[in-house]
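> Need a 3D model of the sequence below.
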Amino acid sequence: MIPNFKEILSELSYRVEGGIPDLTKESHVNQLIDILRENGISDAAHLAQKARVYFSYLNEAKPKKIVGNDTTIVVNKKSGSVYPVKTSNFNASVHDKATTAQIKKAKSNGTFGNEEPEEIPAQQGPNTFGVSGGGANVFPGNDTQSNDGDGSSKIKNLTKIKSEIDRISIQAGQSRDSFYSKGYHKSESEEDAGAAPGNAGSMLNENGSCDVCEWALENDKTDLVSAVSHLYDNLKGGSLLEAADKRGIAGQQDKVPSISAKELREFKASGKGKFDKLSDGQLSRLMVAANGGLIKAKKIKEGIQANGWKEEDCTINGFFGDEGGKSQQADMVRQSNKIFGPDGTEIPKNIALQLVAAGGGGANPSDTSQFAYNSKTGDLMIKFTSDKDSFEAIVAQSSFQKEGSIKKDQIDKLVQTGKMKKADAEKIKTFIDTQTKTLNAIEAELKSVGAEPAKKMLKMPVKDVINQFKTLSGGANPQAYYDGVIKKYMGKPFNAETPAEAVTQFLKFSSMSPEEQTAYVTKAGSPKTTFTSKEAEIIARLKSRFGLDPLVAQKIDDIRKRSVAIERKVLNKMNNIQIGIKGGKVGLGDYMDATNFIDKFHMGGAMGDKHGVFAYNGLFEVVCGKGVINNDIISQCMNTNNMDDFIRKFGSTKEEFQLSKENQITGSVRIAYFLNDKKQKIKIGEKRQRSKTGANGRFNTVYKWDKDTIECFKRKNGLA
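Take a look at the predicted model:
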């Protein structure tokens with residue numbers, strides 16, 4: 001809803017003493033909040049605070065000159081911060097002179113400083129498992145993790161802090177508004193960092209839940225209809241909600257699985273016509289984001305109470321996991337006095353900064369965060385969250401190659417801690433490298449699988465191939481694949497003169513072996529030209545359109561079987577080495593497998609790991625649309641809170657192949673389990689290998705909770 005600001009200003013002038021609004025006065029701001037609420041503005045307090053900050057900027061009779069004749073704008077060599085210093089204080093060992101581009105970027109994203117900032121400690125990388133002790137070991141390797149030296153021991157002026165917090169709050173709001181308007185997009189300029197990894201759906205869930213969390217706490221709301229209405233009003237007209245391509249969710253017509261058809265019907269009816277224009281896909285995603293926001297608000301309210309604060313003294317800000325959001329979080333931490341977790345535990349400021357910087361990684365696997373600023377003390381409470389649309393959602397994604405690198409790092413740590421001999425470690429690492437090369441060679445065969453179908457299509461009328469080609473892409477532009485191929489094959493070294501000739505050239509190139517392709521482009525003077533994975537996917541799709549799958553089905557199945565066998569081969573080889581843990585010994589392969597599942601499912605905190613966000617109770621949770629997954633719930637559902645106990649009881653099934661309707665291998669799945677006290681196998685989750693790019697694509701790995709564990713999560717959340 002767009003308010004009539006002229007009428008609101010007239011009403012404010014009527015109500016305040018003297019008839020002239022002065023938004024530097026708290027009483028005038030409170031009057032403005034009342035008027036905005038009377039006019040149906042749901043985020044009245046947030047809007048009023050924005051107005052107050054803008055007023056203070058406009059009301060400065062003589063603005064301070066940030067840069068004078070005796071001033072030099074510098075870039076701090078260590079932190080990268082941009083700010084002015086007196087020319088006489090320029091220190092070449094600390095400063096570089098800022099370029100015009102650096103100054104412009106800092107001013108545009110709000111990070112341009114007015115003075116020499118406090119020093120930010122260097123970020124330490126997250127450790128693997130087995131670190132305990134909390135506090136001092138949050139980021140192992142950093143021996144001095146107190147507040148000394150980071151400025152947090154100095155109590156700052158509350159008025160100055162409030163002004164800076166408001167500035168950051170406005171930046172965060174502007175970033176969110178931009179994402180709502182533009183939709184999901186990559187960086188467009190130095191000033192636009194673009195979205196965090198994901199897609200339009202995850203962006204809506206993450207930004208929308210933060211939006212609703214702020215609104216719910218500000219307006220003391222808990223009902224889902226009002227929350228969805230608020231979110232819908234903010235998203236309406238923007239690409240994130242209404243674009244049918246990758247920028248938005250309008251193309252996703254089907255509801256999310258976590259919302260039943262009955263729930264959707266009843267909720268739509270409760271909106272009394274307001275939601276009638278929304279598809280099932282749009283409305284269900286708004287419901288999930290809004291419900292997640294209400295859960296976050298409840299958790300923040302509990303955190304405020306645990307810290308002994310009053311809600312009316314607190315301002316809430318939610319942050320998205322993009323680079324701009326990380327910068328704003330770090331800025332807010334630096335500007336505040338002390339930092340606290342949701343359970344009232346103080347977090348050293350340098351640790352809080354490292355946790356922010358580690359967002360999205362092993363030490364802090366969060367997508368979003370919620371910060372509560374206490375205006376009476378200048379202190380900040382922080383909480384990190386990972387946002388999913390359901391308990392059934394994908395938890396993590398990986399690949400054999402990535403996990404091989406992680407295994408080698410873990411092996412090095414086992415050597416350092418004396419749990420493994422160096423000679424054994426080197427042999428196993430060499431074996432991992434060898435098997436990784438073998439897998440790469442096997443998967444490379446997938447590119448040439450399309451050669452036989454391509455030869456068949458070359459014998460067909462080219463117009464028939466073009467007709468299928470132009471509808472091949474499943475996105476907003478069905479002709480996207482066709483357009484890309486035409487552009488490439490009408491250029492060097494193929495030099496086709498017409499689209500039909502370009503398609504023919506594409507099919508000819510696809511029908512060659514990798515060696516023939518290399519020889520062709522080398523002879524034509526373009527040795528860097530390659531047959532890409534995307535082109536292999538196009539051939540695979542065309543192959544299916546023309547019913548040519550049987551030509552290569554057996555060959556693809558053979559490649560899939562050999563690919564999947566590699567991981568089992570590595571695990572079996574590693575199990576020849578025993579690793580000592582409390583209560584006995586386990587094979588290295590089982591040890592690595594168990595710790596990998598702990599890492600991917602964010603179970604470290606529940607198993608006694610005390611690094612990163614897991615060092616502080618309640619600092620990190622996964623919000624799953626209707627409920628949460630946290631350390632307490634995981635330890636209850638896993639029947640243990642001890643890592644060695646979990647590893648000792650851990651096991652997994654053999655790989656089972658997933659088949660298509662035509663009985664072709666499309667993937668594999670392996671179920672992880674643990675043995676309870678009755679020696680029963682309790683399923684934890686699945687590790688599934690599948691292709692993201694069609695029948696000819698390489699396998700990627702995804703992790704999901706098993707239905708048994710999901711049922712336990714639902715019971716613990718009161719949902720079953």
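> domains of the protein?
5-58, 71-119, 158-387, 400-441+558-716, 450-551 (automatic domain parsing).
> For the stretch 551-700 of the chain, which segments count as strands?
Applying DSSP state E, counting those that start in this stretch to the stretch 551-700 of the chain gives strands spanning 578-581, 584-587, 620-623, 628-629, 650-652, 656-659, 665-675, 681-691, 699-705.
> what's the closest of those strands to Gly324?
strand 620-623 (21.4 Å; Cβ to Cβ). In short, each C-beta sits where N, CA and C put it, glycine included.
> Can I get the closest one as PDB, trimmed to CA atoms?
Provided in PDB are the C-alpha atoms of strand 620-623 (Å, rounded to 0.1, in the frame of the first residue of the first chain):
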ATOM      1  CA  PHE A 620      21.900 -21.700  14.500                       C
ATOM      2  CA  GLU A 621      18.700 -23.500  13.400                       C
ATOM      3  CA  VAL A 622      17.200 -24.800  10.200                       C
ATOM      4  CA  VAL A 623      13.800 -23.300   9.500                       C
END
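> Give the pairing partners of it; include direction for each.
strand 379-387 (parallel), strand 628-629 (antiparallel) (DSSP bridges).
> from the chain's centre, how far out does that strand sit?
Mean-position distance between strand 620-623 and its chain equals 13 Å (Cα atoms, centre = their mean, to the nearest Å).
> Now do that strand: everything it contacts.
209, 292, 295-296, 299, 364-366, 383-388, 602, 605, 613-614, 628-630 (Cβ atoms under 8 Å, 6 or more residues apart in numbering).
> nearest to Asn89, of the strands of the stretch 551-700 of the chain?
So among these, strand 620-623 is nearest, using Cβ to Cβ, at 40.8 Å.
> re earlier: how about the strands paired with strand 620-623, which one is nearest Arg541?
Closest of the strands paired with strand 620-623 to Arg541 is strand 379-387, at 32.3 Å (criterion: Cβ to Cβ).
> Show me what the helix or strand following the closest one is packed up against.
Once strand 379-387 ends, the next helix or strand along the chain (criterion: DSSP states H and E) is strand 396-398. When contacts are defined as 3 or more Cβ pairs under 8 Å, 6 or more residues apart in numbering; DSSP states H and E, strand 396-398 sits against strand 699-705.
> Return the distance of the strand it packs on from the chain's centre.
That offset, for strand 699-705, works out to 16 Å (Cα atoms, centre = their mean).
> Next: stretch 162-169.
Using Cα atoms, centre = their mean, the offset of stretch 162-169 from its chain centre is 25 Å.
> Quick check: mean pLDDT of it?
Stretch 162-169 carries an average pLDDT of 88.
> what do you get for stretch 271-289?
95.
> about what we covered before: looking at the domains of the chain, which one is packed in the most?
Highest mean neighbour count among the domains of the chain (mean count of other Cβ atoms under 10 Å): domain 158-387, with a mean of 20.
> Could you tell me which ranges of the stretch 1-150 of the chain sit under the pLDDT cut-off?
1-6, 14, 17-19, 26, 42-43, 45-46, 49-50, 52-70, 104, 106-150 (pLDDT under 70).
> ok, now with 50
Along the stretch 1-150 of the chain, the parts satisfying pLDDT under 50 run over 1, 57-58, 60-67, 118-136, 142-150.
> which helix of the chain spans the most residues?
With residue count as the measure and DSSP state H as the assignment, the chain has helix 280-306 as its longest helix.
> quick one, that one and strand 379-387 angle?
Interaxial angle of helix 280-306 relative to strand 379-387 (axes from the mean of the first three to the mean of the last three Cα atoms, to 10 degrees): 150 degrees.
> Show me what helix 280-306 is packed up against.
In terms of contacts (3+ Cβ pairs under 8 Å, 6+ apart), helix 280-306 is packed against helix 200-219, helix 224-235, helix 261-270, strand 314-319, strand 368-374, strand 379-387, strand 620-623.
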